[in-house]
Each structure stands twice: as C-alpha cells, then as structure tokens.
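In: could you look at this predicted model? Sequence included:
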Amino acid sequence: MAVGSISVNSSTDGTRAALSGRLGVADVMQVNRALKGVPDDQTLVLDMAAAEWIDTSIAWAIGVKQQAIEAAGGRLQIDGALPEARQLLDTVFAALPKPDAAKADGGRPSLTQMLDRVGRSIAGAGGVLAQSLALLGMFLSRLGHSVLHPRDFRLTALVHHCQAAGLGAVPIVALMAFLIGVVLAFQGSMQLRQFGAEVFVVDLISISILRELGILLTAIIVAGRTASAFTAAIGSMKMREEIDAMRTLAIDPVAALIVPRVLALILMLPILGLIANLAGLIGGALMAWVELGISPAMFQTRLIEGTDVKHVFVGLVKAPVFALVIGIIGCQAGLRVKGTAESLGSMTSSSVVAAIFAVIVIDALFSIFFAQIGI
Amino acid sequence: MTETVIEVRGLRTQFGTHVVHEALDLDVYRGEILGVVGGSGTGKSVLLRIIAGLLVPQAGQVTMLGTDILHGAEAAQAAIGHRIGVMFQDGALFSSLTVCENVEVPLRAIKELDPATREALARLKISLAGLPWSAGDKYPSELSGGMRKRAGLARALALDPEIVFLDEPTAGLDPIGAADFDLLIRKLSKTLGLTVFLVTHDLDTLHAVCDRVAVLAERKVLVTGTMEDMLKVDHPWVKEYFQGPRARAAQVPQAAGTS
C-alpha cells in the first residue's frame, strides 16, 4: 500500500527524525521502532516536510512518543507538517486513550475465585431445578384451569404441536427402532446359536424392545428433536420481547405457550413409543427370518406365547413421564434465554443435554421401582 | 471535490419481479459527505450493499476508487476491501468478541503489526469514536445501542479507509446521542479526510452533516444537490420530505447556529 520511510540522525544538541513519503498502518512498526530508539529526555525534532500523507496509526506512534518524552522532561517538536497531517495529529493526540485506573482482575484466577465459581454453579443448578419444579406446578395449575374452563384451552395450538412433535417424528423414530430390532436380532442370534438356543432370540428382541429400548430411544430422539425446538421457539420469542408483550396483553404465556406444547408431547410420546415397538419387532422378525430361518408366523406364535403383555405396559407407562420431563425442561430453558443470540444457542444445547440426562435417570428409577414391585 | 471515488452507472436491481433500481446513476466525490434519502423500500440500503460489494445487481456498472467492483479481478476487489469501511445499522459487531477485539479484526490483515500495537491502535480507534476505555473490554451485548453504533464506527475506521458507508447512523438514538453522532461523523470526516456515504431518514443529520443529498425515488436517483437545492425541487415526494412539518422543525436550530 503506502510507501514511506523514517530516518533518524542523532547529534549533540538533539535528535532529528525525518518522515517521508506516504506512511500507513503497514509502516507503523518501523516508525514505532525508530522512535523508541530515541532517548526520551532530550529534544526530538520530527521533520515531516517530506511526509505526503500519514494515517492515524502513524499519528498514534508519534503521540505515544510525545507522551513518553514529555513525561521524561524532554521536548518533541514537529516541523513542516502539512495542514491535513497537523489536523490529524491534533485529533489523534486529543483522543489518545488513557486506561481507567487499574484493569479489573487479570491473570490467573485464585483458588478462592475457583471455589467461588464452583459454588455458584452448584447453587445455580439448584436454582434451575427449583425453577423447573415451579414451571411444572404452573403447568399443572393451568392444565387444571383448562379442564374447568374448556373454552380457554388452545386446541389449535395443541393440534399444531401434536403434528410437529408427533407426526413429524414418526419416520425417524420408526427407522431408528427398525434398525435397533435388526441389530438386536443379529447380535442375539450370533450369541444364542452357540448354545443352540436360537429360538430364544424372539424373547430377547421382544422383551428388550417392548420393556426398555423402544420407549427409551424414542424419548431420547424426541428429547433431541423437540426439547431443542421448544427452547428455540420460546427463547426467540423471549428475545424479541414477545413474551413480555403477551403479559401486557393479559395473555398468560404458560397457558398460551407451554401447556399446548407439553400436553402435545404427553399425548404423542406414547404413540411414538408404540410405533417404535412395532417397527422394532418388525425389524427383529425380518432379521430372525433372514439369519435364523424363523418364519414370521413362527415369530408371531413365539412372541404371543413367550412374552407377557405386561412388558408392553411397563414400557409405555413410562412414556407420559418422559414426555412431561422433556417438555418442561425444553420450555423452561426457553424462558431462561437472555437477550443475546449466544444465550439462545447455549440454552438450546443445554436443554437437549438436560432432557436426555433426565430421561435416562428416570428410566433407571423406573427399573428399580418395577424390580421392587416384581413386574 | 472533483475526483469521483464512486461512480454508479445504469444500475438495475430486481428481487423476483420487484424492480428496486432501474437505470440508476450516482457519483460520489472525494472528501464529501453524501446523504442518501428516500421513502421506505426505495432501496437505499440495497444501494449501499451493492456499492459495498455485498449484493450483485442484475445490470450496471459500479466503479469505486478506480476499480470495477462488479466485474473486476478478485484480487483488486479484495484490495478495495481494505480501503472502505462499513458501519451497519446496529453495529453488526461479533457478539463473541469484546469491542476491542472487534476493532482488531480488520487490523489482523496487516501482517506487520504485533499484538500490543494492534491492541493500542484498536484502543485509539475506540477513543476516536468517542467511547471510554472501559468500553473496549465489554461485549457488544453489554453496550447501549448508541455505544454499539460507535463501536461499529470504530471497527469501520480501523484500517483508515478512504470511504466509509454508514447505514442509518442515528436511527434509534435519542436526540442528544444522535446530535453527538452527527458531530462525530462531521469531525472525523474532515480530520481523517474521509468520504462518507450515508443512508438516513434523519433530517437533522442531513442538515448537520451532509455536503450533498441524493434522493432515491421512482427507482433512480431523482435529484442530487445541497439542502438548499432540495427546497427548490418541484417533485411531490421531495417537497413533502424537505418541506413537511418535521423538515421545518429540523431547519430551525440550523438557522440559529450555523458553524
């Protein structure tokens, strides 16, 4: 870009530095180095007669030098600057930034600060849990209100969310369960063949899918798909102050936004679980036929004889609970979004992680419970 | 005032079937502050984005600093990028960086700079834009709208551009903040020798800052000239705009203290 140079001549009565040509930001290091080499406690004459043009960075370098020289008791004299350059120098000198007092906490955090941070994040997690419980309570109270006053209920929103969270998830849930059935049948047949117990692969598939995998994996997919959608939708409404606008218009955001979403999920997740169960059994039956020669008719007979119907209920009874937890976590994260796009992103990802984690923890609790009551 | 730094000829812009510009011509001269006005939807911001190289029009010729920015070589266009600065309406600061780091972003293109100098230069630009030192360490979300605009201006000025594009610099500011911003633009333009291309709705800004005004209407630049010239134009929209009740109110302080 700019072609310019600086030359420095020292003599007994002071130093003379001459700038020439066009000096821009690419030359600032060179100028700065040359000026730094001049001692601060004497007179420096800066000859700018040959400088055609300078930019703010060169003016900055001169300004910094002037401050250093004045602090050390010397003097900087600028000769021959063009009017434009003179004006620029004055503007930049006036604007030279001064740091405010001491810079706030720099460097490595101390042990106390780290402990403080840990304590705060634990207390924050407790607060989030409390907020989620509060939202659950509000959801139940608004749901109760809707039961008593069916006219206030937003049926259109419910149907819309049933479609988005339920119907829209059918292909991915069915495909996932089908493949899980295939994998289970394949792996099961490999192991059971060693004992000549191939036919038990039907029990393996049916019990594991109906009792656990069908609904658990469906809940995990829905947590990833729908919890994030809830957080993003409610969070972006929060960002654009739509939720505040609703409050000023006497529309209850919980009743308008959260009840239809969570209720839709509670209605849809058992259906999705049932679809996953069917798809998993079909996948398992197909693989058992291909791999072990168990015909579909034989699979069906064995399934009906060997697998109690209670397994289906043990699986599906968990679905509404999973749905409630996923919905509440997703909506609650949306309400916690602050004004920035960044917080929307971080809340969306944290709602998915929290929802999947909660689903797995609750599944474990259900397993213990069913083991204790013996079903 | 004679050198033309931006030359737009026969510009045609179209979104779907909606024609925004048709046979639009515009000249911007070195060192001037040109205010572009027009009703909503007349394509003021679109014109700014085309000249800044962010949008490609259907037809026409845009020459900036002697380079054809629509059909020229990519390297030449990239070089132009260092000689212009754009301030977007809400600053368009990178939200994950502090203000100081935001201003450093364009400076990173200069390989010769070491990090300390880069930071010092960024701090200078922040100070030139009228922000206190402490603002440099803050994130954009922690700043008010007016401060974000100033930070956006600091970033646009980082490389000492020859031309600065300002998109609605005073929109959303209170009158005091807007007047301060007007003064800042005027001062920086004169001392740094900037050419300013300014899109605005603000009549006070037009009065206080602009050397010349270009009116966009009927898909082209209807008329250009000083504010005084605008009062003589016989076109319903221009009359309404420059002689309406708000325009008369904006003229009053101007007549009292012309500087």
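Out: That came through fine. Nothing here was measured: the structure is a model prediction, and the numbers come from that model.
In: for chain A, what are the nearby residues on the stretch 1-150 of chain B?
Out: Contact residues, the stretch 1-150 of chain B versus chain A (C-beta under 8 Å from any C-beta of the partner chain): B:82, B:95-96, B:107, B:110, B:112-114, B:117, B:120-121, B:123-128, B:132-134, B:136-137, B:141. Every C-beta, even on glycine, is put in place using the N, C-alpha and C of the backbone.
In: top helix in chain A by residue count?
Out: Criterion DSSP state H: the longest helix present in chain A is helix A:111-148.
In: swap in chain B?
Out: helix B:175-192.
In: can you show me the CA trace of that helix as PDB?
Out: This file holds the C-alpha atoms of helix B:175-192, laid out as PDB (Å, rounded to 0.1, in the frame of the first residue of the first chain):
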ATOM      1  CA  PRO B 175     -31.800  13.300  20.000                       C
ATOM      2  CA  ILE B 176     -28.700  14.100  22.200                       C
ATOM      3  CA  GLY B 177     -26.900  11.000  21.200                       C
ATOM      4  CA  ALA B 178     -27.900  11.500  17.600                       C
ATOM      5  CA  ALA B 179     -26.600  15.000  17.500                       C
ATOM      6  CA  ASP B 180     -23.300  13.900  19.100                       C
ATOM      7  CA  PHE B 181     -23.000  11.200  16.500                       C
ATOM      8  CA  ASP B 182     -23.600  13.700  13.700                       C
ATOM      9  CA  LEU B 183     -20.900  15.900  15.100                       C
ATOM     10  CA  LEU B 184     -18.600  12.900  15.400                       C
ATOM     11  CA  ILE B 185     -19.100  11.900  11.700                       C
ATOM     12  CA  ARG B 186     -18.500  15.500  10.600                       C
ATOM     13  CA  LYS B 187     -15.400  15.800  12.700                       C
ATOM     14  CA  LEU B 188     -13.900  12.500  11.600                       C
ATOM     15  CA  SER B 189     -14.700  13.100   8.000                       C
ATOM     16  CA  LYS B 190     -12.900  16.400   8.000                       C
ATOM     17  CA  THR B 191      -9.800  15.400  10.000                       C
ATOM     18  CA  LEU B 192      -9.300  12.000   8.500                       C
END
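In: what pairs with whatever helix or strand comes next after it, and is each one parallel or antiparallel?
Out: Per DSSP states H and E, the first helix or strand lying C-terminal to helix B:175-192 is strand B:195-199. Paired strands of strand B:195-199, with direction, are strand B:33-38 (parallel), strand B:163-167 (parallel) (DSSP bridges).
In: contacts for the first one?
Out: In other words, strand B:33-38. Outside strand B:33-38, the residues that touch it by C-beta atoms under 8 Å, 6 or more residues apart in numbering or on different chains are B:28, B:44, B:47-48, B:185-186, B:189, B:195-201, B:205-206, B:209-217, B:224, B:241.
In: one more: the shortest one?
Out: Outside strand B:163-167, the residues within contact range by C-beta under 8 Å, 6+ apart are B:5-6, B:28, B:45, B:48, B:51-52, B:64-65, B:83-89, B:153, B:156-157, B:185, B:189, B:194-200.
In: now do the helix or strand hosting residue A:298: distance to the chain's middle.
Out: Residue A:298 belongs to helix A:296-306 when assigned by DSSP H and E. Centroid separation between helix A:296-306 and its chain, computed with C-alpha atoms, centre = their mean, to the nearest Å, is 46 Å.
In: which parts of the helix or strand just after that helix are buried?
Out: Reading on from helix A:296-306 to the C-terminus, the next helix or strand found by DSSP H and E is helix A:310-316. Using 16 or more other C-beta atoms under 10 Å in any protein chain shown as the test for burial, helix A:310-316 gives A:311-312, A:314-316.
In: check stretch B:98-106 too.
Out: Buried, per 16+ other C-beta under 10 Å, within stretch B:98-106: B:98-104, B:106.
In: got JSON lines for those residues, with distance to residue A:270, secondary structure and pLDDT too?
Out: Converted to JSON lines, the buried residues of stretch B:98-106 look like this (distance: C-beta to C-beta, whole Å; DSSP: H, G, I helix; E, B strand; the rest coil; pLDDT from 0 to 100):
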{"residue": "B:98", "distance to residue A:270": "49", "secondary structure": "coil", "pLDDT": "90"}
{"residue": "B:99", "distance to residue A:270": "52", "secondary structure": "helix", "pLDDT": "91"}
{"residue": "B:100", "distance to residue A:270": "54", "secondary structure": "helix", "pLDDT": "90"}
{"residue": "B:101", "distance to residue A:270": "50", "secondary structure": "helix", "pLDDT": "90"}
{"residue": "B:102", "distance to residue A:270": "50", "secondary structure": "helix", "pLDDT": "91"}
{"residue": "B:103", "distance to residue A:270": "55", "secondary structure": "helix", "pLDDT": "90"}
{"residue": "B:104", "distance to residue A:270": "55", "secondary structure": "helix", "pLDDT": "89"}
{"residue": "B:106", "distance to residue A:270": "56", "secondary structure": "helix", "pLDDT": "87"}
